[in-house]
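Colleague: Okay, sequence plus prediction incoming.
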There are 2 protein chains.
Amino acid sequence: MPSGKILVAQGGGPTAVINQSLVGVVLEARRFRQVTRVYGALHGVRGIINEDFVDLTQETSHNLEMVAATPSSALGSTRDKPDAAYCEQIFEVLRAHEIEHFFYIGGNDSSDTVRIVSDRAKAAGYPLRCIHIPKTIDNDLVGSDHTPGFPSAARFVAQAFAGANLDNASLPGVYVGVVMGRHAGFLTAASALGKKFPDDGPHLIYLPERVFSLESFLADVKAAYAQHGRCVIAVSEGIHDASGEAIASLLAKEVERDAHGNVQLSGTGALADLLCDEIKAKLGIKRVRGDTFGYLQRSFIGCVSDVDQREAREVGEKAVQFAMWGDRCGSVAIKRTGYYSADYELLPLDAVAGKTRTMEDEFITASGTGVTDAFRMYLRPLLGSGMPDAFRLRPAPVAKILKK
Amino acid sequence: MPSGKILVAQGGGPTAVINQSLVGVVLEARRFRQVTRVYGALHGVRGIINEDFVDLTQETSHNLEMVAATPSSALGSTRDKPDAAYCEQIFEVLRAHEIEHFFYIGGNDSSDTVRIVSDRAKAAGYPLRCIHIPKTIDNDLVGSDHTPGFPSAARFVAQAFAGANLDNASLPGVYVGVVMGRHAGFLTAASALGKKFPDDGPHLIYLPERVFSLESFLADVKAAYAQHGRCVIAVSEGIHDASGEAIASLLAKEVERDAHGNVQLSGTGALADLLCDEIKAKLGIKRVRGDTFGYLQRSFIGCVSDVDQREAREVGEKAVQFAMWGDRCGSVAIKRTGYYSADYELLPLDAVAGKTRTMEDEFITASGTGVTDAFRMYLRPLLGSGMPDAFRLRPAPVAKILKK
């Protein structure tokens, strides 16, 4: 069994619970006698090649618990996507510091990094155990029932749409909310969990798993608006046409053709604004508002699923156990074992690395603009306890006197 | 003392606690024997002239309590700004239904409506008691320490910036968050309450109380970015140049000159995107992201201040008491009586109607891009209990081996 030093790092976009996994690794590793040091790399793989390490063995368990409950990556993150040469550098640093366990908390790209580093160590005959610990609000890792971080972001999106629906009912019009998720629509679909009464929004949901047509979109909005006198719409930032080109870039091109310069596609309100402009121009509806949930949905402090917190902690703990007791490399996956209960398994890195999961067909209605009860059943327990609820006054109309 | 029927309605943009005030009126009114009916008008003053009334006397107190805890206006709202003729119509409907008490929950415009209707009743010798019940997330009503609805929206903004700061620290760059508030910067200033450590963002805050200059803005951002390696910025949607022209329209004009058509100014991400474009183009910073908090900040379900809930309930209750026990017209105001404790008083409608409060000078730093401790002391107790907190790992660097 390898011993000595272990290293943990965090990569990619932060989540509300990614520090739970970090702390799960640190506290569990500190229980093993053969572990002399638990290092953290600052800003992911970049921190490894720069040797920017902190000694987490010297942090109190109390402060670690407080950090665990804090969203975003406490060690810092990176968008670096290591190639073979970069992985070689990572390996050289690990070897120089005699690190024999490497835990990387991240999404698809991170799992690929872990796979390459693991292969490199094997080829060099260096005893390195590499574990990928899943996190991503996109829920797009294959092999897992779901990914840590997704449930809390989904809860934010569901709560946001529950509120936006109430706002829209109070001052009727069209509301477009743009949600993160370039290839997988899970997070956008979570908007449906904010719905309580049959006439509540979101009335229409647009996912990257279905081809988006501006013509059908406008027809859908027109029909929903005619039915409800208002319309709440959830749109994934990743919607695209039949050729796979993102709607954000298609619409933005018009702006570019106007010589306005470089219009940003992600991390901006452009898609929501452009869809709103289309609705106003083509349907003649006056009150049309668009919000882009942006970074709020992944970093808002104080909106978290307790189920997600628990599981994010456990994938960190289990990662250490798989490495220490099982002496294995791999990617930790969540397996659903009851309604609702979960267990963890270690998948081969090849089964996860660089692959992308999208929403299963059974989760999307035939119309393509809604989600099924199967999806609601899938997501509901993940949102955790204490979901806020919306109540209405019940109708008791008063007879008119003047306008009989 | 007038008796019989009372009417309550909600106007303007909804808040997280406006239904607390509604339920405060209904439950308190139902305690008075002389009150035979409590009517609610649907969609504010428009519901009055359309005689769209519901009988709230027939609603259970249990469901009223559940509605009280639900954000947005349960009776529906309106953006109608009644003129004299409109107020005349309101009065005619009130007279036809023998309504002798009118409670209107709203902001500046609503207080003006109440004033005109009250004057009209007096002139006609009709015994109508009119009470304006304050609500606005902008906190821009004169005569009150603060307005119900503002504390919960401020809490959302503080939590959002606390999270955005953590996100930005994890993946450094520039982050611009645009907050509601066309004339008053209170809500934007609330972003400062998300700050814990000295180097936390928001590093810069731009308020409508100070003249905005794009040149100074870029210089400020450049300096903050140089100091922290990142920069989090809170911007009010109402920032304007020396002539009073909104920056949103100044920048948007360029787009209009490009013949792109009608670019929306409010309820869009345009201002954030345009400021981000300027930062990227002029300062050469690569990672620049903008979010517009939009409707999330006023309608998000599940982010509410318990102090705000209690006070919103009480202004509704007190409104009924002022009308019933005091036989008075006016506007209910919150008075701070301790740190923290509040009481309520009834101001003359003339003292509130159509007036706008902006941030006091003592709340803004000399630089114009920050808030003072006086503001922090003012706002902190209003945010309520259970504010989420952010924790950090403490530094314990590991000695480098390769890159000594």
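Modeller: Nice, thanks for sending it over.

Colleague: average pLDDT for stretch A:306-319?
Modeller: Stretch A:306-319 shows a mean pLDDT of 98.

Colleague: List the buried residues of it.
Modeller: A:307, A:308, A:309, A:311, A:312, A:313, A:314, A:315, A:316, A:317, A:318, A:319 (16 or more other CB atoms under 10 Å in any protein chain shown). From N, CA and C alone the C-beta is placed, and that goes for glycine too.

Colleague: so the third one is in which element?
Modeller: Assigned by DSSP states H and E, residue A:309 falls within helix A:306-325.

Colleague: Check which helices and strands that helix is in contact with.
Modeller: Packing partners of helix A:306-325 (3 or more CB pairs under 8 Å, 6 or more residues apart in numbering or on different chains; DSSP states H and E): helix A:18-29, strand A:99-106, strand A:129-134, helix A:150-170, strand A:330-338, strand A:341-347.

Colleague: do you know which of the ones you listed lies nearest residue A:49?
Modeller: Nearest to residue A:49 among the helices and strands packed on helix A:306-325 is strand A:99-106 (13.1 Å), distances taken as CB to CB.

Colleague: quick one: contacts of that closest one?
Modeller: For strand A:99-106, contacts defined as CB atoms under 8 Å, 6 or more residues apart in numbering or on different chains pick out A:2-12, A:18, A:21-22, A:25, A:29, A:39, A:44-45, A:94, A:110-111, A:113-114, A:117, A:127-136, A:316, A:319-320, A:323.

Colleague: Could I have the buried ones of those residues as PyMOL selection syntax?
Modeller: To isolate the buried members of the contacts of strand A:99-106 in PyMOL, using 16+ other CB under 10 Å:
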select buried, chain A and resi 2+5+6+7+8+9+10+11+12+18+21+22+25+29+39+44+45+94+110+111+113+114+117+128+129+130+131+132+133+134+135+136+316+319+320+323
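
Colleague: Any chance of JSON lines for the helices and strands packed on helix A:306-325, columns mean pLDDT?
Modeller: JSON lines is the format used below for those (pLDDT from 0 to 100):
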{"stretch": "helix A:18-29", "mean pLDDT": "98"}
{"stretch": "strand A:99-106", "mean pLDDT": "96"}
{"stretch": "strand A:129-134", "mean pLDDT": "97"}
{"stretch": "helix A:150-170", "mean pLDDT": "98"}
{"stretch": "strand A:330-338", "mean pLDDT": "98"}
{"stretch": "strand A:341-347", "mean pLDDT": "98"}
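
Colleague: Of those, give the one that comes closest to residue B:187.
Modeller: Comparing these by CB to CB, helix A:150-170 comes nearest, at 16.0 Å.

Colleague: next helix or strand past that closest one?
Modeller: strand A:174-179.

Colleague: That next one pairs with which strands, and in what direction?
Modeller: strand A:231-236 (parallel), strand A:288-292 (parallel) (DSSP bridges).

Colleague: buried sites along the last one?
Modeller: Going by neighbour count (16+ other CB under 10 Å), the buried part of strand A:288-292 is A:288, A:289, A:290, A:291, A:292.

Colleague: if I look at the fourth one, how far off is residue B:164?
Modeller: Which is residue A:291. Distance of residue A:291 to residue B:164, given as CB to CB, to the nearest Å: 15 Å.

Colleague: Then residue A:34?
Modeller: Using CB to CB, residue A:34 is found at 41 Å from residue B:164.

Colleague: Count the neighbours of residue A:98 for me.
Modeller: 14 (other CB atoms under 10 Å in any protein chain shown).

Colleague: swap in residue A:102?
Modeller: Neighbourhood size, residue A:102 [other CB under 10 Å]: 27.

Colleague: Tell me which of residue A:34 and residue B:164 has more neighbours.
Modeller: Neighbours per residue, other CB under 10 Å: of residue A:34 and residue B:164, the larger number sits with residue B:164, 31 against 12.

Colleague: Please look at the more buried one and residue A:298 and confirm they touch.
Modeller: No. Assessed by CB atoms under 8 Å, residue B:164 is found out of contact with residue A:298, at 9.9 Å.

Colleague: next structured bit after the helix or strand of chain A with the lowest mean pLDDT?
Modeller: Within chain A, no helix or strand scores below helix A:247-257, which has a mean of 63 by mean pLDDT, DSSP states H and E. Where DSSP H and E defines the elements, the next helix or strand beyond helix A:247-257 is helix A:270-283.

Colleague: which of the residues in that following helix are buried?
Modeller: Buried-residue list, helix A:270-283, by 16+ other CB under 10 Å: A:270, A:271, A:272, A:273, A:274, A:275, A:276, A:277, A:278, A:279, A:280, A:283.

Colleague: now it, how far from the centre of its chain.
Modeller: Averaged C-alpha coordinates place helix A:270-283 at 26 Å from its chain's average position (CA atoms, centre = their mean, to the nearest Å).

Colleague: Tabulate the CA atom coordinates of it in PDB.
Modeller: Extracted as PDB, the C-alpha positions of helix A:270-283 are listed here (Å, rounded to 0.1, in the frame of the first residue of the first chain):
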ATOM      1  CA  ALA A 270     -27.100  38.300 -25.100                       C
ATOM      2  CA  LEU A 271     -29.200  35.200 -25.800                       C
ATOM      3  CA  ALA A 272     -32.000  36.200 -23.400                       C
ATOM      4  CA  ASP A 273     -32.100  39.700 -24.900                       C
ATOM      5  CA  LEU A 274     -32.100  38.500 -28.500                       C
ATOM      6  CA  LEU A 275     -34.900  36.000 -27.900                       C
ATOM      7  CA  CYS A 276     -36.900  38.800 -26.100                       C
ATOM      8  CA  ASP A 277     -36.400  41.100 -29.100                       C
ATOM      9  CA  GLU A 278     -37.700  38.400 -31.400                       C
ATOM     10  CA  ILE A 279     -40.800  37.900 -29.300                       C
ATOM     11  CA  LYS A 280     -41.500  41.600 -29.100                       C
ATOM     12  CA  ALA A 281     -40.900  42.200 -32.800                       C
ATOM     13  CA  LYS A 282     -42.700  39.100 -34.200                       C
ATOM     14  CA  LEU A 283     -45.500  38.600 -31.700                       C
END
